[in-house]
Structure formats: structure tokens, C-alpha cells
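**Student:** dropping the sequence and predicted coords here.
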Amino acid sequence: MTSSAKLMQGNEACTIGALAAGLEFFAGYPITPSTEIAELCAEELPKVGGKFIQMEDEIGSIAACIGASLAGKKAMTATSGPGFSLMQECLGYASLTEVPIVIVDVQRMGPSTGMPTSPAQADLMQARWGTHGDHPVVVLAPGSVKECFELTFRAFDISETLRVPVIVLMDEIIGHMREKVVLPDFSTLRPQRRSAPSTPAGYRPYAADPDGGVPLMAPFGDGYRWHVTGLFHDEAGRPTSKGEVADALLRRLARKVEKAAPLIEEHFEESMEGAEVVVVSFGSSAMSGLSAVRRARREGIKAGMLRLKTMWPFPDALVAGAAENAKGIVVPEMNLGQLALEVERAAGRSAALGRGVPVLRLGKVNGELFRPEEVYGAIVEAAR
Amino acid sequence: MSSTLSYFRQENLPHIWCPGCGHGTVTGSLVRAIQRQGLDKNKVCIVSGIGCSSRAVGYLDFDTLHTAHGRALAFATGIKLARPELKVVVMTGDGDCTAIGGNHFIHAARRNIDITTIVMNNNIYGMTSGQYSPMTPKGMYGTTAPYGNLERSFDLCELAKAAGATYVARATSYHVPLLIDLIEAALQNKGFSVVEALVQCPTYFGRKNKMGGPVEMLEWIKNGVVNVKAVPLLPPEKVIGKKLIGELYNAPAPEYSADYDELIAKVQRTYDAFQGGLYGCASNSD
């Protein structure tokens, strides 16, 4: 058996990655630029015994996914800005109740209906903080069509093993771009599945090591007869109003992702050795960034590229390390500085205070992709 | 037959409901209907939304899911599709079901997905202490309708029927044997079933409308309904303005999750050569 090369769209690659990970259930609502994912799921899932349902809205879509996941299935939904906003409450529900689901957000311009459907990368903060309350999530951002496959597959592994919602944060360009992709031989893949208890006797659905442990998850319908609630709950799953129980629960949930962060962290880098100007970016903006870095290197400027694939938990140490020996950091992104804020924080310095490495915020919100010369110009400026 | 109490998580009792509340009567009726049907506890899944009535599931010894406000039917849809062999029941209230969850309600009905929905209609938002709901009768009072409710209320059963539910019935916390019978029939219908249970909320609806205690409210409920079977025998003046109780609609039709399984079988036959692979990459061979 060999691998196969195909010309495909990011949205297709994402769907195939999900199917390779063992997707069994998809619920969604039509919205550009993510709809191809739903269409492909509708076509492919019945072939493998899975199910697709077009729900009445995005709230229903994520809710149905959580229900299917509780009944033991690997579930995914896909949407874009307005739909992602509608999903936020139930995203928090999945986070608190520790139900594995994957949510794909193919970002378009916002707020509101915006300028459909030009690309943007402005859901970075919403993906992390969109739902109310402190909660853990994991957010992965593919930077190529192939990575749409890889990171969606990975999203399922992380979601299943940590029992946490994982967001695949794409953008319109990544979703609709076509590239040649060489897919791996699926028989070599080893998708992960949540750990299940072995017997209903004495099952305590939320019992876990307080230091970020992940409880065992029984599927509904197998005789465990457990209770799931969006109220804070004790280890037996019973609602609680006790402050210390709530405190322990929220801290365990946060710690769960915090502890796994080194394993989750993924990035791409090029020419970082001795780089004086570092371009930090993600998704499609990083493609223009990389082109600019290569041109700068050809012209004798010591520029390096750091493209983040794991957006949340934010790779603080990685960014701090990159900033250490840099004269300047350039952050191209299709928003008004959401990633730059985190980069400044992680670098431990604030450009606003005039200290340390200056972070050049290259925010673009006109619905167009960066031209490499725009990033190049910023690199030249930062190198001065 | 095991005892009725054995269907409860007794360690979670006592419940949070106020003295005189009707939700316990409905919860007990559901349990008795399940008991009479002899359903396997391990194969029943009960889902609820948010509000007083939705707290019922926490006391019941099944796989239970207390979801987000209005979304019980959407969660339940995912469960039913994932495990069609499960008997899925939704317990919801008038606000949860007809306001914030109205869209999921009509679409679950339209699909005729096999979910039994018990709507506990106490005409008010109890958990938030007495605001008017889409089921508060016009002219009655709530904390957000201090001068009387201007809005018209739904006829929930007509709504369910029009949206495509295949079994629709109404009973009350006064007519308990009837309520149990109707829930039992609803559980037997392979499709989307709705049982509206009219219940008393003495704490908020009763007090705000000066209706007296639970007993007076049960009288009010009783006097406001007529059994659908008695209608042909009664003069019109005894029927006008009354809500009908009993089985209001029973028209079995093809069910969604069963249709889906048929679809899968058909697609898999068509794609026999596909060999369970992925997206044309079945064997990944060149």
C-alpha cells in the first residue's frame, strides 16, 4: 500500500482528516466558507455507517454533536463567524461537562455578517474566550491544505484523550485554497479514543486526579446510568453549590490542558537560527510572511519565520524564546492585533511602554490576503 | 416488577421543588409509565433543558442529561441518531420548550424523530421567579407582566401537530391516571410524541395571580379542561374556552432515525465496491 496524491481544497482535507480520525457524526448548518465540509460529510458518512444531520441552526448543531458524543460517537461540526458565535454557550457546556467534540471555524470577516465571505483571522480571541466563564479549550490553526488534514486528525486525538472541545481555526483562504496533498496510508494511522471504565459498578463519572486528571467516560446506553449537567458538579456528577467543589473542578479543568500543553504544542519555523527579525503568524497570513522572510534572507536581512499551529494554549515559552535574541517581531494577521497582543505578553514586554523588543502589528482588515511585499517592508523597518 | 422508587436516584432526594408544585406529579407519572412498559433502565435516556421542570432528570436513575436552556431536543437528536435503540425522553417546561427552545421543538416534530417530549406547562418561568412565558394566558400576571400579559399564548398541542408530531396528547397534574396512560401511549409511538402536562405553580404563578394554594390551583386546572372524548356529548357552552385533554392526535408515520438506518444500508449497497474506505481512498493504493 502506498499513499495517494490528490488535488484538494482545505475544507476537503479537513473532512478527510476527520474521517481518517474515525468521525461518526456530523451536525451542521449551512454557512460560507465552511459549507463544503458539511456537504462532504453528508456524502461520505453514510458510506462508513456514520450520520450527518443538517440542524435548524448552529446552536442545535453543536448540541446534537455533544449528544452524539455522549452516546459514544466521534462528533464534529463546522461553521464560520456568525455560527461560531451562536455555538459559544454549548462550547462552554462541552468544556464543563468534558464531552469530546471538534468544532471547525473557517473564519470570515466580522463582526456580524461582515463582508461575506472575505477571509479574516479575527476569531482568535473568540475561540479562546468566546463562552462565558473560565474554561479550557484547545485551538489548532492549519497553515496549508495538508495541515487541514493533519490538524483535524490531531484535533480528534486531543479532544478524545483530554475530553475537551478542540477548535480547528481555519480561514477562508486555507479552507478554499487547492493544493496537491499526499495523504498518508490510513492503515498506518492510530486514532485515539476516550478511555472508558470497565464496569458500571462504582462508576464515578467525574472522579479524576485533582491535578489535571481526565475522568473515564462511559457511553450512554451501556448501563452506567450517569448524570451529566452544565451545573458545577461533584465527582458523582451531582449538582453542587459548594464553593470548594466548584473551585476544585475549575482548577482541574484548567490544569488538564495546561499539563498537556507541551504535548499539544506544534509550530513551523524556518531560518530562526540567529534571526534578528522574527515574523510570528498563523494560517494564511503566514504564507505571505514566509515568502517575505525568504526574500529578506536572500537580501541579507537575518529574518526568521515562526508559524504557530497551536494557538491555544498559547505557546508562551516558544514565543519568549524567539523574542530573546530578536531586534524586532513582526506579526501579520487579518485582524487588528489579536495575535500581537499575545506575542507582546509572551515576550514579557510591552511595545506600548517602549521597552524591549518592539512588536510591529501588521493588522489587515480589508478582506484581502497580505501581499508578501507588505510583510517584507515591515521586516526591513524592524531590521533598522 | 421493581418498585417505583427504584427508578429514582434516592441519594439525590429530596428534590428542589416548592411545596405544592406539580412537577413531581408529572415525574412520578413518567416513571410509572416507564415501569408499566417494562422498559430496560439501561436503554432509556432522559434529557432536559433548564428551568424547574428540567431538574427532574437529576433524580431519575437512567442515563440523564441536563443540558442548556432550550436545547434539550437538539442534544436528544444527537443521542437518538447515535444510538437509535435507546428510548429517548425529553422533560421540559413551557418556557424552555416554547420560547428559547421553540425552534428545536418544531424541527424535531417535523423530522418525526423518535423522542417522547413531556412538556410541564405551569404558565410561568418558575426558576427565575415568575416572569410570563409564551404559555401565560393573556391578561394574567407575571413579574414582567405587572399590568397583565398582553401577549397571546400558544396552543402547544396544535403547534406540535402542525409541525409534524405523530402523537399529541394533553393531561394535567389533576388527571394523573390519564396522564400516565397518555405518557405510556406516547412512549409506544415510534416517532415524535408530545404530552403537554398542565401543572400548578403555587409559588409564582398562583401567588402573582391570587389563585390560592395548590388545591385551588388544581381546581382551576380541572375546571379549565374538557376530555376530548366528552366533547360530542356536551353542549357547546361547556366546551368553549376550555382546553382539551386526552389523546388529541395519533397518526404514525415513518420515523427519522429508522429512515436514516435504511438510507445507510442503501448507500452501503450502492457503494459495495467502496469497502468501507475513506473518500475514494479506500485502499489507498495507486
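**Tutor:** Ah, there it is.
**Student:** remind me, longest helix of chain A?
**Tutor:** helix A:243-264 (DSSP state H).
**Student:** helices or strands up against that one?
**Tutor:** helix A:145-162 (3 or more CB pairs under 8 Å, 6 or more residues apart in numbering or on different chains; DSSP states H and E). For glycine as for every other residue, the C-beta is placed from the backbone atoms N, C-alpha and C.
**Student:** just the CA coordinates of the helix it packs on, formatted as CSV?
**Tutor:** C-alpha atoms of helix A:145-162 as CSV (Å, rounded to 0.1, in the frame of the first residue of the first chain):
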residue,chain,number,x,y,z
VAL,A,145,-4.2,22.2,2.9
LYS,A,146,-2.2,19.3,4.1
GLU,A,147,-2.3,20.6,7.6
CYS,A,148,-6.1,20.8,7.4
PHE,A,149,-5.9,17.0,7.2
GLU,A,150,-3.2,16.6,9.8
LEU,A,151,-4.6,19.1,12.4
THR,A,152,-8.2,17.9,12.1
PHE,A,153,-7.0,14.4,12.7
ARG,A,154,-4.9,15.7,15.7
ALA,A,155,-7.9,17.7,17.0
PHE,A,156,-9.8,14.4,17.5
ASP,A,157,-6.9,12.8,19.3
ILE,A,158,-6.6,15.7,21.7
SER,A,159,-10.3,16.0,22.1
GLU,A,160,-10.8,12.3,22.9
THR,A,161,-7.8,11.9,25.2
LEU,A,162,-8.3,15.2,27.2
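**Student:** what strands flank the following helix or strand past the longest helix of chain A, and is each parallel or antiparallel?
**Tutor:** Next helix or strand after helix A:243-264 toward the C-terminus (DSSP states H and E): strand A:267-270. Partners of strand A:267-270 in the sheet, by DSSP bridges, are strand A:303-308 (antiparallel).
**Student:** so what touches the strand it pairs with?
**Tutor:** A:141, A:143, A:267-282, A:286, A:289-290, A:292-293, A:296-297, A:315, A:318-319, A:322, A:339, A:379, A:383 (CB atoms under 8 Å, 6 or more residues apart in numbering or on different chains).
**Student:** same question for that strand, mean pLDDT?
**Tutor:** In this model, strand A:303-308 has an average pLDDT of 98.
**Student:** go on, stretch A:246-265?
**Tutor:** Here the average pLDDT along stretch A:246-265 is 98.
**Student:** identify the residues contacting that stretch?
**Tutor:** With CB under 8 Å, 6+ apart, stretch A:246-265 has contacts from A:95-96, A:98, A:134-138, A:158, A:162-164, A:206, A:208-214, A:232-233, A:240, A:310, A:313, A:315, A:318.
**Student:** recalculate using a threshold of 7 Å.
**Tutor:** A:134-136, A:138, A:158, A:162, A:164, A:208, A:210-214, A:232, A:240, A:310, A:313, A:315, A:318 (CB atoms under 7 Å, 6 or more residues apart in numbering or on different chains).
**Student:** just the buried members of those?
**Tutor:** For the contacts of stretch A:246-265, a burial check counting by 16 or more other CB atoms under 10 Å in any protein chain shown picks out A:135-136, A:138, A:158, A:162, A:164, A:208, A:212, A:214, A:232, A:240, A:310, A:313, A:315, A:318.
**Student:** pull the most distant pair out of those residues.
**Tutor:** A:240 and A:318 (37.8 Å; CB to CB).
**Student:** do you know how far whichever residue of chain B sits closest to chain A is from residue A:26?
**Tutor:** Per CB to the nearest CB, residue B:78 is where chain B lies closest to chain A, at 2.7 Å. Distance from residue B:78 to residue A:26, counting by CB to CB, to the nearest Å: 10 Å.
**Student:** cool, residue B:227 as well?
**Tutor:** In terms of CB to CB, residue B:227 sits 45 Å off from residue A:26.
**Student:** return the alpha-carbon coordinates of the longest helix of chain A using CSV.
**Tutor:** Output of helix A:243-264 as CSV, limited to C-alpha atoms (Å, rounded to 0.1, in the frame of the first residue of the first chain):
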residue,chain,number,x,y,z
GLY,A,243,-17.6,26.6,46.6
GLU,A,244,-14.8,24.3,47.3
VAL,A,245,-16.2,21.7,44.9
ALA,A,246,-16.6,24.3,42.2
ASP,A,247,-13.1,25.6,42.8
ALA,A,248,-11.5,22.1,42.6
LEU,A,249,-13.5,21.3,39.4
LEU,A,250,-12.5,24.5,37.6
ARG,A,251,-8.9,24.2,38.6
ARG,A,252,-8.7,20.6,37.5
LEU,A,253,-10.2,21.5,34.1
ALA,A,254,-7.7,24.3,33.6
ARG,A,255,-4.8,22.2,34.7
LYS,A,256,-5.8,19.4,32.4
VAL,A,257,-5.0,21.5,29.3
GLU,A,258,-2.1,23.3,31.0
LYS,A,259,-0.4,20.0,31.7
ALA,A,260,-0.9,18.7,28.2
ALA,A,261,0.3,21.9,26.6
PRO,A,262,3.9,20.7,25.9
LEU,A,263,2.4,17.7,24.1
ILE,A,264,-0.1,19.8,22.2
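**Student:** just to revisit the earlier point, contacts only, for the residue of chain B closest to chain A.
**Tutor:** A:25, A:27, A:63-68.
**Student:** cool, and residue A:179?
**Tutor:** A:144-146.
**Student:** surely it is within a helix?
**Tutor:** No: under DSSP: H, G, I helix; E, B strand; the rest coil, residue A:179 sits outside any helix and is assigned strand.
**Student:** ok, and the closest non-adjacent residue to residue B:159?
**Tutor:** Nearest residue to residue B:159 in three dimensions, chain neighbours excluded: residue B:106, at 7.2 Å (CB to CB, 6 or more residues apart in numbering or on different chains).
**Student:** distance of the one you found relative to residue A:188?
**Tutor:** Taking CB to CB, one finds residue B:106 at 47 Å from residue A:188.
**Student:** next: residue A:172.
**Tutor:** 32 Å.
**Student:** for the residue nearest to residue B:243 when sequence neighbours are not counted, give me its contacts.
**Tutor:** Nearest residue to residue B:243 in three dimensions, chain neighbours excluded: residue B:225, at 4.9 Å (CB to CB, 6+ apart). Residues near residue B:225 by CB under 7 Å, 6+ apart: B:172, B:242-243, B:245.
**Student:** got it, and residue A:191?
**Tutor:** A:21-22, A:156-157.
**Student:** same question for residue A:194.
**Tutor:** Here residue A:194 is in contact with A:100, A:160, A:163, A:217 (CB under 7 Å, 6+ apart).
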